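[1] Sequence first, then the predicted structure, then my questions.
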Amino acid sequence: MAETLLSVQNLTKKFEDHTILDGLNLEIKKGEVIVIVGPSGCGKSTLLRCINALEPIQGGTVTLSGKPIEYGSRNLAAVRQKIGMVFQSYELFPHLTVLDNIMLAPLKVQKRAKDEVKQETLQLLERVGLKEKADSYPRQLSGGQKQRVAIVRALCMHPEILLFDEVTAALDPEMVREVLDVMLDLAKQGRTMIIVTHEMQFAKAVADRVIFLDQGHIVEEDAPEVFFEHPKTERAKQFLNVFTFDKVEHK
């Protein structure tokens, strides 16, 4: 059986008097693809930010390969290198080319050799269909292209786990598919991923396990074919009634 890579135990997150995550427990196996779904404001994005220690927590623990991930800790930078996060808003530096955006962290943070990083970057860009854009600037790219660059930037750090926070939410509909195809390819490669998305058909196709979050609690979790076809809780049924599903090939 696959080893546990990420462990979240009794995670509590509050903003002032408002509890966002309430004693949440979650374990992710190596190579597992977890999709988190739920209504807006239920804590999905906050959970990812807590996992990556971008937010302080008020209770519980988060560990990666048994090592704690703690907001403000002295070893946080080293641990965070093992977690790739892709944001909805791309977060690319506008004054740097695509190539330089991707190479920046491996060179400055990991102190890797420039020739090695450049070769890997170009190979990854080719894999996502963007090698010809290596010398372009972010303003010259479409939203879908920017998001694919952001994914490559995360991959180039050799993370143990990838977090995707609503990465298609800001894209025009015709650009969504090109990003989702890259993520499906990563799933087929056996990458460990946690994906927050409103794309239910994609969730059904890519997930090993679907987690339904509501009001800071995991209300339901199951294999995608079970969750989408036979939800167990009334709350999940209400949520899924908003969506219609076509047949999508599972990874």
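    Good, I have the coordinates. Numbers count the residues shown, from 1 in each chain.

[2] how about stretch 200-213 as PDB, C-alpha atoms only?
    Extracted in PDB, the C-alpha atoms of stretch 200-213 (Å, rounded to 0.1, in the frame of the first residue of the first chain):
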ATOM      1  CA  MET A 200     -17.000  18.700 -12.000                       C
ATOM      2  CA  GLN A 201     -16.500  16.800 -15.200                       C
ATOM      3  CA  PHE A 202     -12.700  17.200 -14.800                       C
ATOM      4  CA  ALA A 203     -12.900  16.200 -11.200                       C
ATOM      5  CA  LYS A 204     -14.800  13.000 -12.200                       C
ATOM      6  CA  ALA A 205     -12.100  12.200 -14.700                       C
ATOM      7  CA  VAL A 206      -8.900  12.900 -12.800                       C
ATOM      8  CA  ALA A 207      -9.600  12.100  -9.100                       C
ATOM      9  CA  ASP A 208      -8.700   9.000  -7.100                       C
ATOM     10  CA  ARG A 209     -10.700  10.500  -4.300                       C
ATOM     11  CA  VAL A 210     -13.200  13.300  -4.100                       C
ATOM     12  CA  ILE A 211     -13.600  15.300  -0.900                       C
ATOM     13  CA  PHE A 212     -16.700  17.400  -0.400                       C
ATOM     14  CA  LEU A 213     -16.100  20.300   1.900                       C
END
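
[3] where does residue 5 land in three-state SS?
    strand (DSSP: H, G, I helix; E, B strand; the rest coil).

[4] The residue lying closest to it once chain neighbours are set aside - how many residues pack around it?
    Leaving aside its chain neighbours, residue 5 sits nearest to residue 30 (4.5 Å; criterion: CB to CB, 6 or more residues apart in numbering). All C-beta spots, glycine's among them, are computed from the backbone N, C-alpha and C. Here the number of neighbours of residue 30 (other CB atoms under 10 Å) works out to 15.

[5] mind listing what residue 30 touches?
    Contact analysis of residue 30 by CB atoms under 8 Å, 6 or more residues apart in numbering lists 2-5, 192.

[6] Just among those, which is most surrounded?
    residue 192 (22 neighbours).

[7] Was I right to think it contacts residue 32?
    Yes: using CB atoms under 8 Å, residue 192 makes contact with residue 32 at a distance of 6.0 Å.

[8] Identify the contacts common to those two.
    residue 5.

[9] Strands of this protein, residue ranges please.
    Under the criterion DSSP state E, strands of the chain are mapped to 4-15, 18-29, 33-37, 59-64, 67-68, 83-86, 161-165, 193-196, 209-214, 217-222.

[10] what about the third one, average pLDDT?
    So that's strand 33-37. Strand 33-37 shows an average pLDDT of 97 in the prediction.

[11] For that strand, name the packing helices and strands.
    On a contact count with 3 or more CB pairs under 8 Å, 6 or more residues apart in numbering; DSSP states H and E, strand 33-37 meets helix 44-51, strand 193-196, helix 200-206, strand 209-214.
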